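Visitor: Kindly return the folded structure for what I paste below:
(one chain, ligands or ions: 4)
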Amino acid sequence: MSFKAVTARCVALAAFLFFLSAHQSLATQFYNDWATNHFSDLPSQAGWTNDPDRDGEINLVEFAFGTDPRVPDGLGGAMTPQFGSASGTNGTFVVQILERNGHQPGVQIDLYLSKNLTDWIRPWWFRMVTNSLSGDPVGSVRESFTTQITGTNIWYVRSAVTLIEAGPEVATYYVATNGSDSNNGITINTPFATLGKAAGLANPGNLIYALDGYYICSNQVTLSRSGSPTNPIRLRAYPGTHPAFDFTLESSSSAGIRIQGDCWQVYGLEVIHSGHNGILINGNSNIVERCVIHESGDTGLHITSNGGTQLGGFNLVLNCDSYRNFDLAGNGGNADGFTAKFIVGQSNIFRGCRSWNNSDDGWDFWRATNSILVDHCMTFSNGFNVFGAATFAGDGNGFKMGGDYQPGRHHYVDCVSFGNRVNGYDQNNNTAGLVVDNCTSFNNGGANFAMNHDSTNAPMVGVHVVRNTLSIAGHSADAFRTGALLTNNSWQVVSPAPTSAELLSIAGAYAMGARRDDGSLPETPFLRPIPGNRLVNRGTNIGNTFFGAAPDLGAYETPEW
Ligand SMILES: [Ca+2]
Ligand SMILES: [Ca+2]
Ligand SMILES: [Ca+2]
Ligand SMILES: [Ca+2]
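Guide: Ligands and ions are numbered 1, 2, ... in the order given. Okay, the predicted model is just below:
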């Protein structure tokens, strides 16, 4: 293949390959099934890392694009430039992808750009299914990848494929809507009926699969046994499926899933209509990933100590969504999207999570004194009475950062808060200094940043550190405590104050878009600075990666060649 530069067109090069799965060494079942079904005459080099046709694309990449692993045509026709800017500070670049066998499970296709074949960047990509063309194979899918970056008249594109989930493994226990707790639970044809049955038997290193379906649950699922750091107990949606657990029938004091043990990894479950919390974590060192929690009778996901013996620390809540949670008894004044409240252990992390349309707040760390990290999270549209409540007591803050004159030095980085009924980021009488780095706050009904609470009931024990943040269109003035260390924030380095016109998009619907294959937040133009404008490269280096001369203001970094 020639790599000669062509004006305003891309040249497709061989794909990169990335691995995300911790279990990549296991058979890649998704790929093997595809190869068996399509290519009975596949040569002996049939493994997913082989390249029998020597076209530079290993079999797993051929799987992701649906190209033929026996025919050496590379990704010809699978990756097509649609549009690229010839010049200017803000160019739109579009690449179309043809996936001949549809969108394959377990892999994520991504694109890198270069204008010199030496420096490759991965910009953000807004990914959307688009119209098929006549002549496309039956079952194929076309997707457009769109980004905005400064213009150039020569550009190259290269694909990358990430292995996220290899396919089903042999599990220890299976649970299905048509199962029975009288079954032995150890095969896919003899599943249990309830998660609780499997959880009560699980030992370190075990894997429990929840098969697809809608489960009506009468009782809280309690995960009281424990894994170990090197042998966690995994409770996962069967690969490629989205099992949902509806707790409508349980009492109003029960959680949907209560994690009392340690070292659980819960992945891919939907938790609906729980009596109280959707997911309640009391234990330590648990990971809750890609779970969707909604319409709980109190907060969606709650971390707290269980009477002092279990502190609820070292937990990671990763790429979860929590919405429309509402406490009827409290007129909506208690149900948040995510909370860590009262006594909470150390080193809890929320990463890649979204919280919206909850009756009270998006996040709430009331009385939590151990520092919590909130990384790449979004909170919006909280505190509105979308529940038809006759009396409504929801507070409506995006991030409520503490409370009750207790010190908790929480850290928010690359987070976004917009369109909440009251404040975007609210100190709420936290007596510690809070750290807010590269966060965006937009169009909140009160202040975007309300961090000026002076303690009257207890002395402050620290000062706020606020760096590289972007505040646009708040309805009340931002305020910070006297002595706060404010560095390179939009109100300090941009005058007059930035407006919505300096952003690529203010369409909030983007925030509810589908997640990427790896579970991370969707990439969209929403609240991103227009390339080349005065919000770009105006931050100070705080040790995180960035494009160009300096970090940008807010949660999104503008890609630069
Ligand atoms: Ca090949
Ligand atoms: Ca091929
Ligand atoms: Ca609250
Ligand atoms: Ca930058």
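Visitor: Quick check: closest non-adjacent residue to the residue of the stretch 401-550 of the chain found nearest ligand 2.
Guide: Nearest residue of the stretch 401-550 of the chain to ligand 2 (C-beta to the ion) works out as D517 at 21.8 Å. (C-beta placed from N, C-alpha, C; glycine too.) Take D517 and drop its neighbours on the chain: the residue closest to it by C-beta to C-beta, 6 or more residues apart in numbering is Q108, 3.6 Å away.
Visitor: ok, how many other residues are close to the one you found?
Guide: A count of neighbours around Q108, defined by other C-beta atoms under 10 Å, yields 19.
Visitor: Give me the phi and psi for it.
Guide: With angles defined as degrees, to the nearest 10, Q108 sits at phi -120, psi 130.
Visitor: how far away is it from ligand 1?
Guide: Distance of Q108 to ligand 1, given as C-beta to the ion, to the nearest Å: 19 Å.
Visitor: you'd agree that residue is up against E143?
Guide: No - look at Q108 against E143 with C-beta atoms under 8 Å: they stay out of range, at 11.8 Å.
Visitor: about what we covered before: surely the residue of the stretch 401-550 of the chain closest to ligand 2 touches E99?
Guide: No - between D517 and E99 there is no contact under C-beta under 8 Å: 11.9 Å.
Visitor: Test for you: state the pLDDT assigned to the one residue in the stretch 101-250 of the chain that gets nearest to ligand 1.
Guide: Closest contact between the stretch 101-250 of the chain and ligand 1, by C-beta to the ion, is at V161 (12.1 Å). As predicted, V161 sits at a pLDDT of 91.
Visitor: Help me confirm that it is found in a helix?
Guide: No - secondary structure of V161 (DSSP: H, G, I helix; E, B strand; the rest coil): strand, not part of a helix.
Visitor: measure it to F65 for me?
Guide: Computed as C-beta to C-beta, to the nearest Å, the V161 to F65 distance reads 8 Å.
Visitor: who touches both of these two?
Guide: Common neighbours of V161 and F65 are listed as I109 (criterion: C-beta atoms under 8 Å, 6 or more residues apart in numbering).
Visitor: Around ligand 1, pick out the residues from the stretch 351-500 of the chain.
Guide: Taking C-beta under 5 Å from the ion, no part of the stretch 351-500 of the chain reaches ligand 1.
Visitor: my bad, should have said the chain
Guide: Close to ligand 1, as judged by C-beta under 5 Å from the ion, the chain has residues 51, 53, 55, 57.
Visitor: Would you mind measuring from the first one to ligand 2?
Guide: This means D51. Counting by C-beta to the ion, the gap from D51 to ligand 2 is 8 Å.
Visitor: and the two most separated of the residues of the chain next to ligand 1?
Guide: Using C-beta to C-beta, the residues of the chain next to ligand 1 span at most 8.2 Å, a distance reached by D53 and E57.
Visitor: For those two, indicate the residue with more neighbours.
Guide: Taking neighbours as other C-beta under 10 Å, D53 and E57 compare with E57 leading, 25 against 19.
Visitor: which residues does the residue of the stretch 401-550 of the chain closest to ligand 2 contact?
Guide: With C-beta under 8 Å, 6+ apart, D517 has these contacts: 107-109, 162, 164.
Visitor: And the furthest pair within these?
Guide: I109 and I164 (11.1 Å).
Visitor: Helices of the stretch 451-561 of the chain, start to end?
Guide: For the stretch 451-561 of the chain, applying DSSP state H, counting those that start in this stretch gives helices covering 490-493.
Visitor: Would you map the strands across it?
Guide: Assigned by DSSP state E, counting those that start in this stretch, the stretch 451-561 of the chain shows strands spanning 465-467, 470-472, 479-480, 485-487.
Visitor: so where is the protein shaky, pLDDT-wise?
Guide: 1-27, 308, 455 (pLDDT under 70).
Visitor: Name the stretch among the strands of the stretch 451-561 of the chain that sits most buried.
Guide: Most buried of these, by mean neighbour count (mean count of other C-beta atoms under 10 Å): strand 470-472, with a mean of 25.
Visitor: from the chain's centre, how far out does it sit?
Guide: Offset of strand 470-472 from its chain centre (C-alpha atoms, centre = their mean, to the nearest Å): 22 Å.
Visitor: ok, and what's touching that strand?
Guide: Contacts for strand 470-472 (C-beta under 8 Å, 6+ apart): 439-443, 448-449, 478, 489-491, 497-500, 502-503, 529, 535, 553-555.
Visitor: could you redo the last one with a cut-off of 7 Å?
Guide: 440-442, 448-449, 478, 490-491, 498-500, 535, 553-554 (C-beta atoms under 7 Å, 6 or more residues apart in numbering).
Visitor: Taking these, please make a PyMOL selection of just the buried ones.
Guide: Typed into PyMOL, the line below selects the buried ones among the contacts of strand 470-472, using 16 or more other C-beta atoms under 10 Å:
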select buried, resi 440+441+442+448+449+478+490+491+498+535+553+554
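Visitor: Out of the contacts of strand 470-472, which is nearest to C263?
Guide: Proximity of the contacts of strand 470-472 to C263 (C-beta to C-beta) peaks at T440, which lies at 34.6 Å.
Visitor: Quick check: beta-bridge partners of the residue nearest to D517?
Guide: T162 (DSSP bridges).
Visitor: hmm, back to that, for I109 and I164, indicate the residue with more neighbours.
Guide: I109 (23 against 20).
Visitor: where does the residue lying closest to that one once chain neighbours are set aside land in three-state SS?
Guide: Distances taken as C-beta to C-beta, 6+ apart place A64 nearest to I109, at 5.5 Å, with adjacent residues excluded. Three-state call for A64 (three-state DSSP): helix.
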